[in-house]
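Visitor: Only the shape, not the letters, is given here:
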């Protein structure tokens, strides 16, 4: 990965998913994989993901660890109107600023509930709370905004809302040199290719070659993924992987009977 | 959560999922949710999850942070035969012990490949590597064992193999007082119930009441989940939630016309 990567502007990110329901297994997370894919497409390197409970100390600690280490942090979950939604408080604490009822968010939500002839209850007003000085992330699905403070983007946990917020956030991010990738399907298991693939990786140091075993219930095959920020380096390494597989094919095929004759 | 919990033996755990493919979004993780669910059923509190890349420093740091903080750590990924499988080395480094070709694992794998008339290549021998002194986690799917060192359980990333290893590990774990839970479906959004539900939580401090918004594309509803280690506390809180919802129903229903007349 070395040279091509170091000459390109690397942009790094982390995701912090917040919620007891993820840790109990009751809810299967959909946000991490979704955002991971979009960050890769944007040339942003997702370096770490954490999932923590709805506990202030846990959120504050994880957030401070991640926001000082990566260019961007994205959180999901805990910004609703109920007592277990404590993300706005925790983020405020992490940044050492007061958590306030943001005037613009109060206006936005107040107007919305007025139009819908619904009471703007204390609980609903909780959704306007955010760290003082935070900027909104628009929420086209259900109005209550996410928010940005420093390099931290705080978004909802409900996948439809999370995804809509992500769509609003992505165009605002600095993106790095895009990571290019090519997948090469391989009918052989990792044990068959391990030594040869290690040699290919060594011969192509400006690429990162990953090997992902698949198991269909009976036998293993592999998906080999070559990644690089440089197109030429990518092509050369992918070509070498294809040639490696062809070599194994030839070695496994019995000698041509005509030639034998 | 306080009293009931503090009088019960709490057992805590963390999951560390390892793999570039999870962070690129190419592979959507299935192991975290699976194990999370089984840990909850075993009365083990999953407190934190991290996902890191196939990078030794990242693995070592995360592992050392988690293993010193929680009773159990479970890892997935990076124990195959290819050059990007570095989990055994990283775990050894974290524990400060040599990473060796474990003699029992060499025997097990050597015998298996002999039976299958396949060469026991250097790459395949990599799957016998583990920290000196580690114990095996049997792998009924594809033989190559996972391993246990200290409180860390190192398992494969391929879901079928991971799940088979988990099945072998779970019965060996100390389990805590089981967390009981009851889900109460609620047709109202969180904004409707937030204030009332906060009051229910306050009145039932030995329980943990979570509220999980759902969005069907048009409107929000909520699943309310009451959790407690004590059956009586659980029942009382769940009853209070049901009563709360009935109260909202009554308030929303127009006055009975017969009574009006």
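Guide: Sure thing, it's come through. Remember, predicted model here, so these are calculated numbers, not experimental data.
Visitor: Show me the residue of the stretch 151-261 of chain A that gets nearest to chain B, please.
Guide: residue A:194 (2.4 Å; Cβ to the nearest Cβ). In short, each C-beta sits where N, CA and C put it, glycine included.
Visitor: mind checking the SS state of that residue?
Guide: helix (DSSP: H, G, I helix; E, B strand; the rest coil).
Visitor: element containing the spatially most central residue of chain A?
Guide: By Cα atoms, centre = their mean, the mean C-alpha position of chain A lies nearest to residue A:36, the distance being 2.4 Å. Taking DSSP states H and E as the definition, one finds residue A:36 inside helix A:31-41.
Visitor: May I see the buried residues of that helix?
Guide: By 16 or more other Cβ atoms under 10 Å in any protein chain shown, the buried positions in helix A:31-41 come out as A:31, A:32, A:33, A:34, A:35, A:36, A:38, A:39, A:40.
Visitor: Please render those residues as CSV that adds distance to chain B to the earlier fields.
Guide: Output for the buried residues of helix A:31-41, formatted as CSV (distance: Cβ to the nearest Cβ, whole Å):
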residue, distance to chain B
A:31, 11
A:32, 7
A:33, 4
A:34, 8
A:35, 8
A:36, 3
A:38, 7
A:39, 7
A:40, 5
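Visitor: Serialize those to TSV and add fields for pLDDT.
Guide: Converted to TSV, the buried residues of helix A:31-41 look like this (pLDDT from 0 to 100):
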residue	pLDDT
A:31	98
A:32	98
A:33	97
A:34	97
A:35	98
A:36	97
A:38	96
A:39	96
A:40	93
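Visitor: which residue ranges form the strands in chain A?
Guide: Counting by DSSP state E, the segments of chain A that form strands are A:11-18, A:44-52, A:72-76, A:99-101, A:129-131, A:135-137, A:146-149, A:152-155, A:180-186, A:208-215, A:220-228.
Visitor: if we can go back for a sec, residues near the residue of the stretch 151-261 of chain A closest to chain B, how many?
Guide: Applying other Cβ atoms under 10 Å in any protein chain shown, we find 26 residues neighbouring residue A:194.
Visitor: Please give me every residue in contact with it.
Guide: Counting by Cβ atoms under 8 Å, 6 or more residues apart in numbering or on different chains, residue A:194 touches A:211, B:80, B:81, B:82, B:83, B:121, B:122, B:123, B:124, B:126.
Visitor: How about residue A:61?
Guide: Contacts of residue A:61 (Cβ under 8 Å, 6+ apart): none.
Visitor: How confident is the prediction for it, by pLDDT?
Guide: The per-residue pLDDT reported for residue A:61 equals 98.
Visitor: re the thing from before, how much space between the closest residue to the residue of the stretch 151-261 of chain A closest to chain B other than its chain neighbours and residue A:199?
Guide: Spatial nearest neighbour of residue A:194, chain neighbours left out: residue B:123 (2.4 Å); criterion: Cβ to Cβ, 6 or more residues apart in numbering or on different chains. Remark: distance between residue B:123 and residue A:199 (Cβ to Cβ, to the nearest Å) = 11 Å.
Visitor: quick one, which of these two is more surrounded?
Guide: Legend: neighbour count by other Cβ under 10 Å for residue B:123 and residue A:199, higher for residue B:123 (23 against 13).
Visitor: where does that one land on pLDDT?
Guide: Value for residue B:123, per-residue pLDDT: 91.
Visitor: From residue A:208, how far off is it?
Guide: Distance from residue B:123 to residue A:208, by Cβ to Cβ: 18 Å.
Visitor: Residue A:220 too?
Guide: Relative to residue A:208, and taking Cβ to Cβ, residue A:220 is found at 22 Å.
Visitor: Between these two, which is the more surrounded one?
Guide: In this view residue A:220 and residue A:208 are compared by other Cβ under 10 Å, and residue A:208 has more residues nearby, 23 against 19.
Visitor: For the more buried one, which residues are in contact?
Guide: Here residue A:208 is in contact with A:1, A:226, A:227, A:228, B:20 (Cβ under 8 Å, 6+ apart).
Visitor: do the same with residue A:176
Guide: A:8, A:9, A:10, A:11, A:42, A:43, A:44, A:45.
Visitor: Dump the residues you listed into JSON lines; add distance to residue B:100, neighbour count and pLDDT as well.
Guide: Converted to JSON lines, those look like this (distance: Cβ to Cβ, whole Å; neighbours: other Cβ atoms under 10 Å in any protein chain shown; pLDDT from 0 to 100):
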{"residue": "A:8", "distance to residue B:100": "38", "neighbour count": "15", "pLDDT": "50"}
{"residue": "A:9", "distance to residue B:100": "41", "neighbour count": "9", "pLDDT": "75"}
{"residue": "A:10", "distance to residue B:100": "35", "neighbour count": "15", "pLDDT": "89"}
{"residue": "A:11", "distance to residue B:100": "39", "neighbour count": "18", "pLDDT": "96"}
{"residue": "A:42", "distance to residue B:100": "42", "neighbour count": "18", "pLDDT": "92"}
{"residue": "A:43", "distance to residue B:100": "40", "neighbour count": "19", "pLDDT": "92"}
{"residue": "A:44", "distance to residue B:100": "39", "neighbour count": "26", "pLDDT": "96"}
{"residue": "A:45", "distance to residue B:100": "33", "neighbour count": "20", "pLDDT": "95"}
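Visitor: Out of those residues, the closest to chain B would be?
Guide: For those, the nearest to chain B is residue A:45 (7.9 Å; Cβ to the nearest Cβ).
Visitor: wait, the closest one sits on residue A:9?
Guide: No - look at residue A:45 against residue A:9 with Cβ atoms under 8 Å: they stay out of range, at 10.8 Å.
Visitor: roughly how far apart are residue A:196 and residue A:249?
Guide: In terms of Cβ to Cβ, residue A:196 sits 12 Å off from residue A:249.
Visitor: Who has more neighbours out of those two?
Guide: residue A:196 (20 against 11).
Visitor: Could you pull up the residues touching the more buried one?
Guide: Contacts of residue A:196 by Cβ under 8 Å, 6+ apart are A:244, A:247, A:248.
Visitor: so what's the last one closest to, chain neighbours aside?
Guide: It stands for residue A:248. Residue A:248's closest residue in space is residue A:188 (Cβ to Cβ, 6+ apart), at 5.9 Å.
Visitor: Residue A:159: neighbour count?
Guide: Around residue A:159 there are 15 other residues, counting by other Cβ under 10 Å.
Visitor: Now that it has come up, it's in contact with residue A:34, right?
Guide: Yes - using Cβ under 8 Å, residue A:159 is in contact with residue A:34, at 7.3 Å.
Visitor: Run through the bridge partners of residue A:74.
Guide: residue A:15, residue A:153 (DSSP bridges).
Visitor: pLDDT score assigned to it?
Guide: 98.
Visitor: The one 10 residues further on too?
Guide: Residue A:84 carries a pLDDT value of 92.
Visitor: Give me the phi and psi for it.
Guide: phi -90, psi 0 (degrees, to the nearest 10).
Visitor: for it, what are its contacts?
Guide: Residue A:84 neighbours (Cβ under 8 Å, 6+ apart): A:20, A:54, A:78, B:201, B:209, B:210, B:211.
Visitor: got the residues you listed as CSV, with distance to residue A:117 columns?
Guide: Formatted as CSV, those follow (distance: Cβ to Cβ, whole Å):
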residue, distance to residue A:117
A:20, 34
A:54, 32
A:78, 28
B:201, 28
B:209, 29
B:210, 29
B:211, 24
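Visitor: any idea which helix is longest in chain A?
Guide: helix A:231-252 (DSSP state H).
Visitor: what's next to that one, contact-wise?
Guide: A:4, A:180-182, A:184, A:186-188, A:192-193, A:196-197, A:200, A:203-204, A:206-207, A:209, A:224, A:226-228.
Visitor: before we move on, the earlier item: so, if you compare the contacts of residue A:196, which one comes nearest to residue B:66?
Guide: Ranked by distance to residue B:66 (Cβ to Cβ), the contacts of residue A:196 are led by residue A:244 at 36.7 Å.
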